[in-house]
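> need a 3D model of the sequence below.
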Amino acid sequence: MTTATTLTQARSMEPATLHVALELGQRTWKVGSALGFSHRPRERTVSGGDGAALLRELLHSKRRFGLPPDAPVVCGYEAGPEGFWLYRFLRAHGIECLVVDAASIEVNRKRRRAKTDRLDMRALLRLLLRYRFGERTVWRVVHVPDIAAEDRRHPHREFAALTEERTRVRNRIRGLLKTQGVALRKGTRWQTLGAWLETAPRWDGRCLEPRLRERLGRELQRLALLDAQRRAIQAAMVAELKALGASAGPAAMMQRLIALRGIGVQISRVLVMELFAWRDFTNRKQVGGCVGFDATPYQSGQSMREQGISKAGNVWVRRVLIQLAWAWVRAHPDSALTQWFRVRFATGGRQQRARGIVALARKLLIALWRYVHGGPVPVGASVGAADVYVLAAH
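Modelled structure (predicted):
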């Protein structure tokens, strides 16, 4: 029979663990280490990005606290510009590492509070100790993808970045022409715009000034380069999917999604590579919370209101899901999800429809999560044979 005394003795027999908090800066890293709350922490500074110096400091900390060289170590740091290379570096040296969501860390709510790297490191160390001693809700730990899963995310993220840059260049061209009284219509053929600008009349009927035409020409060159890069990335994603075929893993998930009307290579890749292929969920709440679709109610005394979705999840997936929800309503008019949206929100105003499409996106995400893992097709959805050649234009 196991008693409380037996558990206490078992815990006391466990090897002491060194807890280390890292505050990562560009030039320096603040390193704080301690065994528990009753020990005075050791605080040191190492050069930023110097993994060997960090390992040496961990050995010094073990000697400082009287630990053997092979004593277990648990490190924690905030997710940020360093990415996950430090996590993999520490794991490769047998060190347990926790990457923490910075937005989940509690802070002082005073209007003005002292903030330095050293104070942040101390606060992070205290939270690490609380987390390790059983207070699991003190922060949220980031699920780190493996190297292959992280590498598969680059094509669609670059494609989205190029699309945003193309929009900025187009808006810049429109703005420059607008200052001269020239308005471009919707549906402008950007490929032939350069020849038209040579004789385009401004507000008084004269041609554009030479320096402005030169600047617009360089902007059009950037636009052509962005379009070429987008086409190359899109063709590469289609070629990769064709090469993988219907094999198991991410490719099979993408093929199942593409079989649904309204979902193409780009959307299916974002959903699979960002979420479905490497994250293990046990219920729908975890799925919605990972994308930031979980509710945030506010209740204090008699005051009660809903603040909307948290928006604390994967922004890439959330952005695509909102677009997919609108496309789902058009592509699957007889599906149960579309009928639910039309009954609840379609007859309302613009704001109500916008809220409803977010709710539809959450329901759609859960339905697709079940579908790609061998679940049933969403009720009423149209399924057909997918052709990646045709779907490349989506």
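> could you chop this protein up by domain?
What automatic domain parsing lists as the domains of the chain is 15-144, 151-244, 250-299+308-391.
> any idea how far apart the tips of the second one sit?
Its start and end residues considered, domain 151-244 measures 16 Å (Cα to Cα, to the nearest Å).
> and for stretch 199-218?
For stretch 199-218, the first and last residues are 17 Å from each other (Cα to Cα).
> where among the domains of the chain is the average confidence lowest?
Here the lowest mean pLDDT among the domains of the chain goes to domain 250-299+308-391, at a mean of 88.
> which residues of the stretch 101-250 of the chain fall in helices?
Residue ranges of the helices in the stretch 101-250 of the chain, as given by DSSP state H, counting those that start in this stretch, are 117-132, 147-151, 154-178, 193-197, 210-244, 250-258.
> cool, and the stretch 251-394 of the chain?
265-271, 284-291, 315-331, 336-341, 350-372, 388-391.
> buried deepest among those helices, which one?
Across the helices of the stretch 251-394 of the chain, averaging neighbours per residue (mean count of other Cβ atoms under 10 Å) puts helix 265-271 on top, at a mean of 25. Using the backbone N, CA and C atoms, a C-beta is placed for each residue, glycine as well.
> quick one: list the elements packing against it.
Packed against helix 265-271 by the contact rule (3 or more Cβ pairs under 8 Å, 6 or more residues apart in numbering; DSSP states H and E) you find helix 154-178, helix 210-244, helix 250-258, helix 315-331.
> distance to residue 58 for these - can I get that in a markdown table?
Shown next, in a markdown table, are the helices and strands packed on helix 265-271 (distance: least, Cβ to Cβ, whole Å):
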| stretch | distance to residue 58 |
| --- | --- |
| helix 154-178 | 32 |
| helix 210-244 | 41 |
| helix 250-258 | 36 |
| helix 315-331 | 34 |
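> ramachandran angles for the spatially most central residue of the chain?
The residue lying closest to the centre of the chain (Cα atoms, centre = their mean) is residue 314, at 3.4 Å. Torsion angles at residue 314 (phi, psi; degrees, to the nearest 10) stand at phi -70, psi 110.
> check contacts around it.
Shown in contact with residue 314 (Cβ atoms under 8 Å, 6 or more residues apart in numbering): 274-275, 290-292.
> before we move on, what about residue 22?
29-31, 54, 75-77, 86, 121, 124.
> so what pairs up with it in the strands?
Using DSSP bridges, the bridge partners assigned to residue 22 are residue 31, residue 77.
> which other helices and strands does the helix or strand containing residue 57 contact?
Residue 57 is part of helix 51-64, with elements assigned from DSSP states H and E. Counting contacts by 3+ Cβ pairs under 8 Å, 6+ apart, helix 51-64 packs against strand 18-24, strand 28-34, strand 42-47.
> any chance of those strands in a markdown table with distance to residue 259 as columns?
Putting those into a markdown table (distance: least, Cβ to Cβ, whole Å) gives the following:
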| stretch | distance to residue 259 |
| --- | --- |
| strand 18-24 | 44 |
| strand 28-34 | 48 |
| strand 42-47 | 52 |
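> of these, which is nearest residue 368?
Of all those, the one in closest proximity to residue 368, counting by Cβ to Cβ, is strand 18-24 (35.9 Å).
> now that closest one: buried residues?
Going by neighbour count (16 or more other Cβ atoms under 10 Å), the buried part of strand 18-24 is 18-24.
> likewise stretch 20-40?
Applying a neighbour-count criterion of 16+ other Cβ under 10 Å, one finds 20-25, 29-35 buried in stretch 20-40.
> roughly how far does residue 37 sit from residue 117?
Noted for residue 37: a distance of 22 Å to residue 117, by Cβ to Cβ, to the nearest Å.
> before we move on, back to that, give me whichever of the domains of the chain is most buried.
Greatest average neighbour count among the domains of the chain goes to domain 250-299+308-391 (a mean of 17), per mean count of other Cβ under 10 Å.
> how far off centre is that one?
Computed by Cα atoms, centre = their mean, to the nearest Å, the separation of domain 250-299+308-391 from the middle of its chain amounts to 16 Å.
> now do stretch 167-181
In terms of Cα atoms, centre = their mean, the centre of stretch 167-181 is found 31 Å from the chain centre.
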